[in-house]
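Colleague: have a look at this fold, sequence not included:
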């Protein structure tokens with residue numbers, strides 16, 4: 001991406017002084033442009049710095065409490081979505097090191113982007129087969145029993161932060177219930193988010209072409225506000241930093257070499273989530289007049305599919321045109 005400055009100079013041949021004056025004006029205009037609009041090297045440095053800061057964020061493992069409360073003790077281990085499993089308390093002990101999946105999980109009015117604090121959910125204990133009444137040991141005979149005389153361990157986040165008896169294990173309020181009872185289940189991702197998620201997107205730059213795949217990855221975004229399509233397949237998310245050097249921009253993200261029906265989305269600089277969708281298409285999405293900022297490009301699988309692709313990103317900007325007319329008066 002190269003900025004263009006067009007300057008027209010007209011002068012009469014009468015005086016060599018005018019030629020020198022024209023050169024001086026050209027130099028002044030060029031230096032003024034450099035002051036008002038930083039050069040490409042400065043823009044590249046800005047992008048590199050922002051990408052370095054962005055890539056330094058540690059990936060976070062996702063977890064959630066099922067929105068369904070219909071699982072008895074023998075059903076708990078099959079309650080979690082693909083890519084997740086029934087959580088051991090030791091996997092989710094410190095929620096501040098995790099990211100709650102609001103798309104899959106239960107919530108309450110004040111949950112925001114975090115988990116609810118009201119409901120007890122089944123959780124693994126790390127203990128031997130047990131059907132007793134001790135929290136941290138009872139596990140419905142390793143989650144195989146739905147008997148009313150057997151028990152399993154349940155936990156919830158403390159609802160009364162001043163009550164010591166609600167913080168039995170760190171921030172968790174623990175208890176037991178009969179394995180015949182139904183309850184939600186705490187689930188945790190099989191693996192930590194890697195590059196290519198909203199938590200840690202892969203950086204991409206204007207003019208770059210990359211090849212990738214969604215096979216074997218998790219689906220964190222199943223729908224987008226700007227699209228009616230089912231995007232329940234896995235997705236890969238890229239971050240595109242547009243510096244203020246050449247704004248506004250027209251950006252086009254294009255897919256090719258598709259092995260399955262993948263779609264492309266451009267998300268607004270306000271954040272990487274469903275509601276920030278600007279434009280979409282099954283092959284090429286274009287957004288015009290974008291200001292400086294960090295935008296996101298998602299390659300997502302239509303109706304659950306996953307496969308390979310090539311993604312190209314092109315950026316155009318408005319050419320600066322400054323006509324300059326000099327006349328040689330006698």
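Modeller: It's in. No experiment lies behind these values; they were computed from the predicted model shown.

Colleague: distance check, the closest residue to residue 145 other than its chain neighbours against residue 224.
Modeller: Using Cβ to Cβ, 6 or more residues apart in numbering and skipping residues adjacent in sequence, the residue nearest residue 145 is residue 179, 4.7 Å away. Quick note: C-beta positions are derived from backbone N, CA and C, even for glycine. Shown here: residue 179 relative to residue 224, a distance of 40 Å by Cβ to Cβ, to the nearest Å.

Colleague: of these two, who's got more company?
Modeller: residue 179 (26 against 23; other Cβ atoms under 10 Å).

Colleague: wait, the more buried one sits on residue 150?
Modeller: Yes: counting by Cβ atoms under 8 Å, residue 150 is a contact partner of residue 179 at 4.3 Å.

Colleague: which neighbours do these two share?
Modeller: 73, 131, 140-141 (Cβ atoms under 8 Å, 6 or more residues apart in numbering).

Colleague: any chance of the residues you listed in JSON lines, with neighbour count, distance to residue 101 and secondary structure too?
Modeller: Listed next are those as JSON lines, based on neighbours: other Cβ atoms under 10 Å; distance: Cβ to Cβ, whole Å; DSSP: H, G, I helix; E, B strand; the rest coil:
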{"residue": "73", "neighbour count": "30", "distance to residue 101": "23", "secondary structure": "helix"}
{"residue": "131", "neighbour count": "20", "distance to residue 101": "31", "secondary structure": "coil"}
{"residue": "140", "neighbour count": "28", "distance to residue 101": "25", "secondary structure": "helix"}
{"residue": "141", "neighbour count": "18", "distance to residue 101": "29", "secondary structure": "helix"}
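
Colleague: okay if I get these as a markdown table plus distance to residue 172 and pLDDT?
Modeller: Output for those, formatted as a markdown table (distance: Cβ to Cβ, whole Å; pLDDT from 0 to 100):
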| residue | distance to residue 172 | pLDDT |
| --- | --- | --- |
| 73 | 19 | 98 |
| 131 | 22 | 98 |
| 140 | 19 | 98 |
| 141 | 23 | 98 |
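
Colleague: show me what contacts the residue nearest to residue 230 when sequence neighbours are not counted?
Modeller: Closest residue to residue 230 apart from its sequence neighbours, by Cβ to Cβ, 6+ apart: residue 303 at 4.9 Å. Contact analysis of residue 303 by Cβ under 8 Å, 6+ apart lists 230, 232-233, 261.

Colleague: residues in contact with the closest residue to residue 206 other than its chain neighbours?
Modeller: Nearest residue to residue 206, sequence neighbours excluded (Cβ to Cβ, 6+ apart): residue 315, at 3.5 Å. Residues near residue 315 by Cβ under 8 Å, 6+ apart: 1, 206-207, 242, 249-252.

Colleague: relative to the helix or strand containing residue 315, what are the paired strands and their orientations?
Modeller: Per DSSP states H and E, residue 315 falls inside strand 308-317. For strand 308-317, the paired strands and their directions (DSSP bridges) are strand 209-213 (antiparallel), strand 249-256 (antiparallel).

Colleague: would JSON lines of these with distance to residue 88 be doable?
Modeller: Shown next, in JSON lines, are the strands paired with strand 308-317 (distance: least, Cβ to Cβ, whole Å):
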{"stretch": "strand 209-213", "distance to residue 88": "31"}
{"stretch": "strand 249-256", "distance to residue 88": "39"}
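
Colleague: poorly predicted segments of the stretch 51-200 of the chain, please.
Modeller: Applying pLDDT under 70 to the stretch 51-200 of the chain flags the ranges 51-59, 193-194.

Colleague: the strands in it, which residues?
Modeller: 61-65, 84-86, 98-100, 121-122, 151-157, 172-178, 186-189 (DSSP state E, counting those that start in this stretch).

Colleague: now do the helices in the stretch 101-250 of the chain.
Modeller: Using DSSP state H, counting those that start in this stretch, the helices found in the stretch 101-250 of the chain span residues 140-143.

Colleague: beta-bridge partners for residue 177, please?
Modeller: Bridge pairing for residue 177 - DSSP bridges - gives residue 152.

Colleague: show me what contacts it?
Modeller: Counting by Cβ under 8 Å, 6+ apart, residue 177 has contacts 120, 151-152, 154, 183.
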